[in-house]
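> Show me how the following folds:
(one chain, ligands or ions: 1)
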Amino acid sequence: MNDTRSIWLGTAPHFAGPRAPYSGHYDIVIVGGGIVGISTAFALRHSGLKIAVVEARKLLGDVTGHTTGKLTSQHGLIYDHIINTFGIDAARKYADMNQFVVEEVGKIASEESIDCDYVRDEAYVYAMTDETAEKIGKELSACLELGLPVSIGEPDLPYAVKAALKFENQARYHPVKFLLGLADRIEGKVELFENTRVIEIEENDDGCAVRTEIGELAADKVVVATNYPIYDSGLFVAKIAPYKSYAVAVDIARPMPSGMYITEDEPLRSLRRQQFENREVQIIGGGHHKVGQEEDTAMCFSELLRWADDNFEVKTLLFKWSTQDNWSADRLPYIGKSPNRERIFVATGFGGWGMTTGIASGKILSDAILGKENAWASAVDPGRLPLAAVPAIAKENLNAAKHLIGDRILRAQSPEFAGIPMGDAAIVQMQDERVAVYRDHDGQVHAVTSSCMHWGCELRWNSAETTWDCPCHGSRFGIEGDVLHGPAVMPLEKRIVDDTK
Ligand code: FES
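Residues are numbered from 1 along each chain as shown. Okay, here's the model as predicted:
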């Protein structure tokens, strides 16, 4: 099985929206049809505002459709860190926000009759090392101080752990079914457009211009809901870093653990069960590397499957997929008005916990747009810059700078097109230009420019997904140069090569 497809996109109803019009005026244009975009549109559905959601590809088809679908206030080991970095007040707001979403999704699913496999479940974070076990003790104290439903837990796992923290009454769900349900309920009140990439956003005194690949929309306000912001007035490029992880859905021969699990030790592993056809299957997530900085991405799936087989005895591999998300330097997301702007709003930096923070973004951003107070907003203000985060910011920027400058000088390249085997790819020097070349399984060559259309970093081959990925800020491109993930908004240029040389 070579195809990557998530269990969520493989089992969700079909949605087909039109392309955006060539022109038009809206009160609100939401750029991006993922969890943030749909949640914000849903929160604004009774506002009387004229709203458009403009998605570059398919609604929910990018990061939102490639998660593990856990709804939990347990975000690894984070609350002790937040208290130490920002204080108890910010930690309480973050905890309340996530607990609210766990309840709210169930409430909305029930009120709106959305069948989204919402099930209450316990969420464990566990330690495999003494060092992490010590952190679990501190996290327990922090969580108790915040009033979270937490206790020392006894995991139902086939391997020994050093310590575990149990969060009671959390939830798991089918994120795409839930959000398509929301999209269905707002149709008629909100215009949902697909296959229309926004390439530029401009704020002016009297409104915003939203330039798409086919025209221009005018908007009083704009929400940038593109996972990695395609519009950056907040130096996000220096404050967030994109990481990739992997997941599989499998039938297993051994007993399925009750509860949801994650460890922060290496190798990172995440577990939950999910209804599939007439049975439950196990979802296992893991792997963690900066986008475009792993030489052998296919190996990430192999290692995950080997671990799954060792511990649970895999009978059938049903789905495998990868995802990516942005880690903020201080570990809190950025949700609210984009810094130094009056009409542009943003949500990013979820650190892999976008199932709760993405839905909370809908509430925070809609309140900000309507001028309402929001109890959580100050904790996730995009304009913050705590001193404690400066070393992490410096480290990530050094890493990006190394690829921006160093890759062009240092990397050894494949000498000739003819040396690229079928199913493989390489960056090849062609006269005065480097070209990204893929030879497909029929022998046909696909060649595009090798410089990322964001800031020009040299792209890396992702063998697991047959894509060109950027090691600097996580843009991804198809073999024909099409943009799969931003912040890049323009495609790579195609090149004609003589593949006999
Ligand atoms: Fe920034 Fe590629 S994503 S240079």
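
> Now name the helix or strand holding Ile108.
Element membership for Ile108, per DSSP states H and E: helix 88-111.

> Going by contacts, tell me the helices and strands next to that helix.
Here helix 88-111 touches strand 70-71, helix 79-86, helix 130-146, strand 163-172, helix 175-186, helix 354-370, going by 3 or more Cβ pairs under 8 Å, 6 or more residues apart in numbering; DSSP states H and E. (Each C-beta comes from the backbone N, C-alpha and C, glycine too.)

> So which of those has the densest surroundings on average?
Compared across those, strand 70-71 shows the largest average neighbour count, a mean of 27 (mean count of other Cβ atoms under 10 Å).

> Parallel or antiparallel, which strands does that one pair with?
When pairing is defined by DSSP bridges, strand 70-71 lines up against strand 163-172 (antiparallel).

> What mean pLDDT does the strand it pairs with get?
Per-residue pLDDT values across strand 163-172 average out to 97.

> Would you format the helices and strands packed on helix 88-111 as JSON lines with distance to Met422 included?
Formatted as JSON lines, the entries for the helices and strands packed on helix 88-111 read as follows, by distance: least, Cβ to Cβ, whole Å:
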{"stretch": "strand 70-71", "distance to Met422": "39"}
{"stretch": "helix 79-86", "distance to Met422": "47"}
{"stretch": "helix 130-146", "distance to Met422": "44"}
{"stretch": "strand 163-172", "distance to Met422": "41"}
{"stretch": "helix 175-186", "distance to Met422": "34"}
{"stretch": "helix 354-370", "distance to Met422": "37"}
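
> Around the ligand, pick out the residues from this structure.
The interface of the chain toward the ligand, taken as Cβ under 6 Å from any ligand atom, is made up of Cys452, His454, Trp455, Gly456, Cys457, Cys470, Cys472, His473, Gly474, Ser475, Pro487, Ala488.

> And what about the second one, helix, strand or coil?
Each residue gets one of three states, and His454 gets coil by DSSP: H, G, I helix; E, B strand; the rest coil.

> can I assume it is in contact with Leu492?
No: assessed by Cβ atoms under 8 Å, His454 is found out of contact with Leu492, at 11.1 Å.

> Check the contact lists of the two and give me the overlap.
Residues touching both His454 and Leu492 by Cβ atoms under 8 Å, 6 or more residues apart in numbering: none at all.

> Need phi/psi at the residue positioned nearest the centre of the chain.
By Cα atoms, centre = their mean, the mean C-alpha position of the chain lies nearest to Asp325, the distance being 3.5 Å. Geometry field for Asp325 lists phi and psi as phi -150, psi 170, criterion degrees, to the nearest 10.

> how much does the very next helix or strand once past the helix holding Ile108 deviate in direction from strand 163-172?
Toward the C-terminal end, the helix or strand that comes next after helix 88-111 (DSSP H and E) is strand 119-127. Put simply, strand 119-127 runs at 160 degrees to strand 163-172, going by axes from the mean of the first three to the mean of the last three Cα atoms, to 10 degrees.

> tell me what strand 119-127 is packed against?
With contacts defined as 3+ Cβ pairs under 8 Å, 6+ apart, the packing partners of strand 119-127 are helix 130-146, strand 163-172, strand 260-263.

> Point to the helix or strand of this protein where mean pLDDT is at its lowest.
Between all helices and strands in the chain, the lowest mean by mean pLDDT, DSSP states H and E belongs to helix 407-410, at a mean of 53.

> re earlier: pLDDT at the residue nearest to the centre of the chain, what is it?
According to the per-residue confidence, Asp325 scores 94 in pLDDT.

> From the ligand, how far off is it?
Distance check for Asp325 against the ligand: by Cβ to the nearest ligand atom, to the nearest Å, it reads 15 Å.

> On the three-state scheme, the closest residue to that residue other than its chain neighbours is what?
Nearest residue to Asp325 in three dimensions, chain neighbours excluded: Gly352, at 4.9 Å (Cβ to Cβ, 6 or more residues apart in numbering). Secondary structure for Gly352, judged by three-state DSSP, is coil.
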